[in-house]
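1. Generate coordinates for the sequence data below:
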Amino acid sequence: MKAYIQKLKHKDNLDPHEIEAVIQLIMSGQAAKEDIADFLLALNEKGATVEEITGAAKIMRNFCREVKTEHEVVLDTCGTGGDQLNTFNISTASAFVVAGAGVIVAKHGNRSASSQCGSADVLEALGVNLNIEEAQVSECLDKVGIAFLFAQKLHPAMKNVAGVRKELGIKTIFNILGPLTNPAQATHQVMGVYSRDLIEPMAHVLKNLGLKRALVVHGSDGLDEITVTGKTFVSEFNGRSVMSYDIDPQELGVKRYSIADIRGGDLKTNVRIINQVFDGMAGAHRDIVALNAAYALYTAEKVDTINKGIRLAEKSIDSGQAGEKLEQLKEYTNHV
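-> Next up, the predicted model:
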């Protein structure tokens, strides 16, 4: 491993075999803490390539507890988090809207790393039982149409790097590997990233990992979601190639808001906001959830235009289907 660290320190890229060997050592618990720290810092300093991220994700996927599914379309809306803007749980709320519109959603997520509350924290506060086994998660996808894939439970090998990551206290390759390693092997994904520099590379990584379609997004305000305060920068893998473009919500008839309008708060506040959205309350929270759900529906090939996606997302909310999916998920997870 030390040879690979030296290579990185010399600003040389690791080939697929080398990065896979390093991640294999780390995930299997065979790497010393100092070596893990040196590796993460050296890779940060050099900057990870698409090939390195792809290789690392492939090995990390091998170590997760697999959630089996036969569905042809399985969508994830898991992003990197870490945008420091303290919004509410937008991608978590939009996952229920998408499920309410008939798409199978395997929402991968964890407890908070940087925001006031992560997807796991808010779902638990909403009444979802996170601690179900992978076979039950699989059944939940079939019966409910949405399941939460709790990273802490389904990625046990991550314990081998948790201590080092905490000590370093900085973003590393593992911040972007989480969303790339859905235990249900999601076929379609909308992935928000915390940096504009990651948008196009991550779209290529998702392509390399075999996804059918993917959308990687970053707001001009820094949000790791599709924003309503201005433009969002996007790279889309459409099944053939990767193309990059900007989204302007106003061109889609969505009102422009300020960052303050889409802020969340503590756990209690974020739970209240999500419930209000599902209850049909108008305003910024609803609009940003519907917009993100619209792009997820488009990515999952449920609609062929974003305007149709917005209409379907609003129908999912207003008909009560989005809120009903949350109720069904609570019911299932608490009675298995």
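
2. Please enumerate the strands of the protein.
-> Here the chain has its strands, by DSSP state E, at 75-76, 105-109, 146-150, 188-192, 213-219, 232-237, 242-247.

3. Make CSV from the ones you listed and add distance to residue 1 to it.
-> For the C-beta atoms, the positions are set from N, CA and C on the backbone; glycine is no exception. Formatted as CSV, the strands of the chain follow (distance: least, Cβ to Cβ, whole Å):
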stretch, distance to residue 1
strand 75-76, 31
strand 105-109, 28
strand 146-150, 30
strand 188-192, 29
strand 213-219, 30
strand 232-237, 32
strand 242-247, 32
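
4. Contact partners for residue 129?
-> 330, 333, 334 (Cβ atoms under 8 Å, 6 or more residues apart in numbering).

5. For residue 82, the count of nearby residues, please.
-> 17 (other Cβ atoms under 10 Å).

6. Now do it against residue 161, distance only.
-> 17 Å (Cβ to Cβ, to the nearest Å).

7. same deal with residue 334?
-> Counting by Cβ to Cβ - residue 334 and residue 161 are separated by 32 Å.

8. Pick out whichever of the two has more residues nearby.
-> Comparing residue 334 with residue 161 by other Cβ under 10 Å, the one with more neighbours is residue 161, at 23 against 11.

9. how about low-confidence regions in the stretch 1-150 of the chain?
-> 113-116 (pLDDT under 70).

10. all helices for it, in order.
-> For the stretch 1-150 of the chain, the helices defined by DSSP state H, counting those that start in this stretch occupy 2-9, 16-27, 33-46, 50-63, 90-100, 119-126, 134-144.

11. which residues sit against the last one?
-> Residues from elsewhere that reach helix 134-144 (Cβ under 8 Å, 6+ apart): 65-69, 71, 74, 99, 104, 106, 132, 146-149, 154, 183-184, 325, 328-329, 332-333, 336.

12. Any chance of a ChimeraX selection covering the buried ones in these?
-> Only the buried entries of these go into this ChimeraX selection, using 16 or more other Cβ atoms under 10 Å:
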select :67,69,74,99,104,106,132,146,147,148,149,154,183,184,325,328,329,332,333
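
13. Determine which residue of this structure is most distant from the centre point.
-> residue 3 (32.8 Å; Cα atoms, centre = their mean).

14. Could you measure from the residue most central in space within the chain over to residue 138?
-> Centroid check for the chain by Cα atoms, centre = their mean gives residue 78 as the closest residue, at 1.2 Å. According to Cβ to Cβ, residue 78 stands 17 Å off from residue 138.

15. Can you pull the domain assignment for this structure?
-> 2-47, 75-333 (automatic domain parsing).

16. chain center to the longest one, what's the gap?
-> Average the C-alpha atoms of domain 75-333, do the same for its chain, and the two points are 5 Å apart (Cα atoms, centre = their mean, to the nearest Å).

17. And the first one, by the same measure?
-> Taking Cα atoms, centre = their mean, the mean C-alpha location of domain 2-47 is offset from the chain mean by 24 Å.

18. Span of that domain from start to end?
-> End-to-end distance for domain 2-47, by Cα to Cα, to the nearest Å: 18 Å.

19. quick one on the thing from earlier: let me see the contact set for the residue nearest to the centre of the chain.
-> So residue 78 contacts 91, 107, 108, 109, 119, 178, 179, 182, 189, 191 (Cβ under 8 Å, 6+ apart).

20. what's the closest of the residues you listed to residue 258?
-> Closest approach between these and residue 258, by Cβ to Cβ: residue 91, at 20.2 Å.
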